[in-house]
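> no sequence for this one, just the structure:
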């Protein structure tokens, strides 16, 4: 059984490190004694922290996976990134826990899972939560021996009249009154164990909420899907209440005000909606500045409040370079590629291999590399874009290098790609120089395909206007498009431009992405000093020439649209018969 422990960090280095230290209480011995044994993976999602969090976590807890979102995506976006990563890993359960909490009981996971396993319909389980000592709302009320036993959450329900979650037992010293295990209407988002089936059926958090009410909105969908929510009072954690957002901070004022309006006006009763509008009017006149901004942005549909807690500074990554490889019945080629990677300058590089539904026993063929790489597998072939998108989502690097399975890395080429990515400060997409196995140059650069380009190439003899070419010279040169056999994309650009288009199974995904890069103003550079052998068509052969041609047509139709595709096809046919240049033929066809 696989359990993912996920937390979100934004400039909370101290709290996150303390949480990680407390997680040691759960220990591998407890995991092994569980029936069945637990495989546990701890995932930190960093929302573009600038306080040294990533380096500190990586140094002190190297076994933890750190995902860098590249921007402050809030709790909703941060947890969604972690959930997606954990789903690819194959997690059965997801423990979502705030970074400003501490583990109290060593049997926390065991007890939460026991409750969840009692009934297939139990989808979410939450423990008892105490105020961390010194973080009580009313510190003077309690003696030194009572601190650490003051309840923050002892079960709960949702008050639909006032649109807020109600915590049972809050501010009470624990007397055993809240030790029961019972179904509840509302669980605390500070610590939730969630079954995989819940995410499969209802999806993840709504990122519109960013922070506050994202858990409430999610729980509403959970209950509507027929799942039960439970509270287990036998185990507990500590919570440094509002340490992350800050009690009375601008961040709390803004998002609590705005999101309560979003949720209440969508799901509340008519009488409640009227009360919310009256309260909003009052706060807009008399409330604090951040509350007024929250009310205004609710009506304007703006999300500017996400910038309220985002100081400038550099973003840290756990890994500099992630190489993503998709293999479909290309185990032998993938083995050669891995040999070339680790024969050269792969130190510190993350390598993710996705087996895309192969039938050639890929895992066995590359088994000697398994300790060094991350291996994930699809049961079915999801195509080029689908496979690479999954591999990208399971990577952690600042730069993502997509390498075809039929590529081999030559000496110093990886370091050259990283060097130039750093030179351009992560603001460009790069492609290396491709050569055939005999060392001859392979055309891999192109202009985006157009009717004008086809006419210029065929009838005016302008090389490279439509067909691929290779630039001359030794320095990086700006181009319009590059084949994806060797394609480096900074994660910051992926966050802005998006993932690969899965509208086609294979072909034209590189052209479509380069077109999108152009629309976003992202430059593309060819790097001739980074050399890669490309066994051209080595991967495509596995699907057969006839099938490949059919998929090429489908890809072209998807990219151009049917009308433009037909018109371009007509121009190309005329050019093939009457043009001044011959149509290039893929070398793999004749090999």
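Ah, there it is. A quick note: this is a predicted structure, and the numbers were derived from the prediction, not measured.
> helices of the stretch 101-250 of the chain, start to end?
108-117, 196-202, 214-224, 250-267 (DSSP state H, counting those that start in this stretch).
> do the stretch 351-500 of the chain as well
Under DSSP H, counting those that start in this stretch, the stretch 351-500 of the chain gives helices at 362-365, 383-393, 413-423, 451-459, 491-497.
> pick the most deeply packed of those helices.
Burial of these is given as mean neighbour count (mean count of other Cβ atoms under 10 Å); helix 383-393 ranks first at a mean of 23. The way it works is simple: take the backbone N, C-alpha and C, and place the C-beta from them, glycine included.
> just the buried residues of stretch 511-530, please?
511-515, 517, 522, 524-530 (16 or more other Cβ atoms under 10 Å).
> relative to residue 74, which of those is nearest.
residue 522 (25.2 Å; Cβ to Cβ).
> now the closest one: how far from residue 170?
Here residue 522 is placed at a distance of 50 Å from residue 170 (Cβ to Cβ, to the nearest Å).
> one more: residue 317?
39 Å.
> which one's more surrounded, those two?
A count of neighbours by other Cβ atoms under 10 Å puts residue 317 above the other of residue 317 and residue 170, at 20 against 16.
> any idea how many residues pack against the closest residue to the more buried one other than its chain neighbours?
Of all residues not flanking residue 317 in the chain, residue 398 sits nearest, at 4.0 Å (Cβ to Cβ, 6 or more residues apart in numbering). Residues near residue 398, counting by other Cβ under 10 Å, number 21.
> for residue 567, see how far away residue 398 is.
42 Å.
> who touches residue 128 in this structure?
151, 153-154, 174, 178-179, 231-237 (Cβ atoms under 8 Å, 6 or more residues apart in numbering).
> now, among these, which is nearest to residue 83?
Looking across those and measuring by Cβ to Cβ, the closest to residue 83 is residue 237, at 19.7 Å.
> quick one: contacts for residue 173?
142, 146, 149-151.
> how many neighbours does residue 97 have?
So residue 97, with other Cβ under 10 Å, has 25 neighbours.
> repeat for residue 158
16.
> pretty sure it sits against residue 215.
No. The pair residue 158 and residue 215 does not pass the contact test of Cβ atoms under 8 Å, sitting 10.8 Å apart.
> center of the protein - which residue?
residue 81 (4.0 Å; Cα atoms, centre = their mean).
> what sits up against the helix or strand harbouring that residue?
In this assignment (DSSP states H and E), residue 81 forms part of helix 74-89. With Cβ under 8 Å, 6+ apart as the test, helix 74-89 has contacts from 2, 4, 6-8, 10, 41, 43, 45, 47, 65, 67, 69, 73, 94, 96, 189, 196, 199, 204-211, 214, 306, 376, 390, 393-394.
> OK, contacts around residue 435?
Residue 435 touches 441-442, 531-534, counting by Cβ under 8 Å, 6+ apart.
> make it 7 Å
441-442, 531, 533-534 (Cβ atoms under 7 Å, 6 or more residues apart in numbering).
> now swap in residue 336 and tell me
residue 408.
> what's the distance between the host helix or strand of it and the middle of its chain?
Here residue 336, judged by DSSP H and E, is contained in helix 331-343. The chain centroid and the centroid of helix 331-343 are separated by 27 Å under Cα atoms, centre = their mean, to the nearest Å.
> who does residue 482 form a beta bridge with?
Note on residue 482: beta-bridge partners by DSSP bridges are residue 445.
> what about it, neighbour count?
27.
> that one is in contact with residue 526, isn't it?
Yes. Assessed by Cβ atoms under 7 Å, residue 482 is found in contact with residue 526 at 6.4 Å.
> check the contact lists of these two and give me the overlap.
Each of 431, 445 lies in contact with both residue 482 and residue 526 under the rule Cβ under 7 Å, 6+ apart.
> how far away is residue 474 from residue 529?
Separation of residue 474 from residue 529 (Cβ to Cβ): 7 Å.
> now swap in residue 118 and tell me
61 Å.
> quick one, grab the pLDDT at the residue lying closest to residue 512 once chain neighbours are set aside.
Once flanking residues are discounted, residue 512 sits nearest to residue 501: 4.8 Å by Cβ to Cβ, 6+ apart. The confidence metric pLDDT takes the value 96 at residue 501.
> identify the residues contacting residue 202.
221-222, 225.
> which one of those residues is nearest residue 279?
residue 221 (25.6 Å).
> what residue ranges in this structure score low on pLDDT?
Judged by pLDDT under 70, the chain has its weakly predicted residues at 28, 243-248, 303-313, 538-543, 585-591.
> what residues go with each domain of it?
2-239, 250-309, 319-545 (automatic domain parsing).
> which stretches in the stretch 1-150 of the chain count as strands?
Secondary structure of the stretch 1-150 of the chain (DSSP state E, counting those that start in this stretch): strands located at 2-9, 39-46, 65-68, 93-97, 101-103, 122-131.
> mind checking which of those strands is nearest residue 447?
Closest among these, once you apply Cβ to Cβ, is strand 65-68, at 33.7 Å.
> does anything pack onto the closest one? Which helices or strands?
Applying 3 or more Cβ pairs under 7 Å, 6 or more residues apart in numbering; DSSP states H and E, we find strand 65-68 packed against strand 39-46, helix 53-60, helix 74-89.
> any chance of those in JSON lines, with distance to residue 463 too?
Converted to JSON lines, the helices and strands packed on strand 65-68 look like this (distance: least, Cβ to Cβ, whole Å):
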{"stretch": "strand 39-46", "distance to residue 463": "47"}
{"stretch": "helix 53-60", "distance to residue 463": "47"}
{"stretch": "helix 74-89", "distance to residue 463": "43"}
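> which one, of these, ends up nearest to residue 421?
It is, among those and with distance given as Cβ to Cβ, helix 53-60, at 18.4 Å.
> can you list contacts of that closest one?
9, 11-13, 16-17, 20, 44, 46, 64, 66, 68, 316-318.
> between these, which is nearest residue 299?
residue 11 (30.0 Å).
> list the contacts of that closest one.
Per Cβ under 7 Å, 6+ apart, neighbours of residue 11: 49-51, 53.
> which of the residues you listed are buried, as a ChimeraX select command?
Buried subset of the contacts of residue 11, written as a ChimeraX selection, criterion 16+ other Cβ under 10 Å:
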select :49,51,53
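> reformat the contacts of residue 435 as CSV; add neighbour count and distance to residue 431.
Formatted as CSV, the contacts of residue 435 follow (neighbours: other Cβ atoms under 10 Å; distance: Cβ to Cβ, whole Å):
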residue, neighbour count, distance to residue 431
441, 13, 14
442, 18, 12
531, 19, 12
533, 21, 15
534, 22, 11
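> mind checking which of the residues you listed are in strands?
Among the contacts of residue 435, the residues falling in strands (DSSP state E) are 531, 533-534.
> export those to a markdown table and tack on distance to residue 423?
Output for the ones in strands among the contacts of residue 435, formatted as a markdown table (distance: Cβ to Cβ, whole Å):
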| residue | distance to residue 423 |
| --- | --- |
| 531 | 18 |
| 533 | 24 |
| 534 | 24 |
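> tell me the one of those residues nearest residue 458?
Proximity of the ones in strands among the contacts of residue 435 to residue 458 (Cβ to Cβ) peaks at residue 534, which lies at 25.9 Å.
> reformat the helices of the stretch 101-250 of the chain as TSV; add distance to residue 423.
Formatted as TSV, those follow (distance: least, Cβ to Cβ, whole Å):
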stretch	distance to residue 423
helix 108-117	46
helix 196-202	40
helix 214-224	39
helix 250-267	37
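> the host helix or strand of residue 322 pairs with which strands, parallel or anti?
Here residue 322, judged by DSSP H and E, is contained in strand 319-327. Paired strands of strand 319-327, with direction, are strand 350-356 (parallel), strand 397-404 (parallel) (DSSP bridges).
> other residues contacting the first one?
Read it as strand 350-356. 319, 322-328, 334, 341, 362-363, 366, 372-378, 381-382, 387, 390-391, 394-397.
> give me the buried subset of the residues you listed.
Applying 16+ other Cβ under 10 Å to the contacts of strand 350-356 flags 319, 322-328, 334, 341, 362, 366, 373-376, 378, 381-382, 387, 390-391, 394-397 as buried.
> now the closest residue to residue 498 other than its chain neighbours: how far from residue 499?
Excluding the flanking residues, the one nearest residue 498 by Cβ to Cβ, 6+ apart is residue 516, at 7.1 Å. Distance of residue 516 to residue 499, given as Cβ to Cβ: 10 Å.
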